[in-house]
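**Q** kindly return the folded structure for what I paste below:
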Amino acid sequence: MTGPRRLAVTGPNGSGKSTLIRLAIGDLVPTRGKITAGVRAALLDQRTDLLAGDETLVEATDHLDLESVAAIEAALRGYDGALLLVSHDRDFLDAVGVEEELSFG
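**A** Okay, the predicted model is just below:
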């Protein structure tokens, strides 16, 4: 993938979306084949193991107000690199300019 391509990975929970992302960023090694990244990747993850101390998920990731969501959407929309996105929020995907979708399941 090269920028400004935006690709959404969609599908039900447990279908392999997170595994694909982890392969793409180098957190997992493929059992077959090879993945080559020409640039450094960044990941904004939803996993709860990124929480600090006894912080709950609601306290850490689920309280973005509309202004914050709009700022994130604008920043991603203005980014000229490639984006590989996983989200169940169709409005968010549309707002950041996703035009391609890889659907699992």
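**Q** so for Gly81, what's the pLDDT?
**A** On pLDDT, Gly81 comes in at 90.
**Q** count of neighbours near it?
**A** Look at Gly81: counted by other Cβ atoms under 10 Å, it has 14 neighbours. (Each C-beta comes from the backbone N, C-alpha and C, glycine too.)
**Q** find the nearest non-adjacent residue to it, please.
**A** Gly3 (3.9 Å; Cβ to Cβ, 6 or more residues apart in numbering).
**Q** ok, Ala37 next?
**A** In this structure, Ala37 finds its nearest non-sequential neighbour in Gly26, 6.5 Å apart by Cβ to Cβ, 6+ apart.
**Q** need the contact list for that neighbour.
**A** Residues counted as contacts of Gly26 (Cβ atoms under 8 Å, 6 or more residues apart in numbering) are 35, 37, 41.
**Q** and the pLDDT for it?
**A** Per-residue confidence (pLDDT) for Gly26: 89.
**Q** ok, it to Val98 distance?
**A** 23 Å (Cβ to Cβ, to the nearest Å).
**Q** can you tell me the SS state at the most centrally placed residue in the chain?
**A** Note on the chain: the residue nearest the mean C-alpha position is Leu85, at 3.6 Å, using Cα atoms, centre = their mean. Taking DSSP: H, G, I helix; E, B strand; the rest coil as the rule, one finds Leu85 in the strand state.
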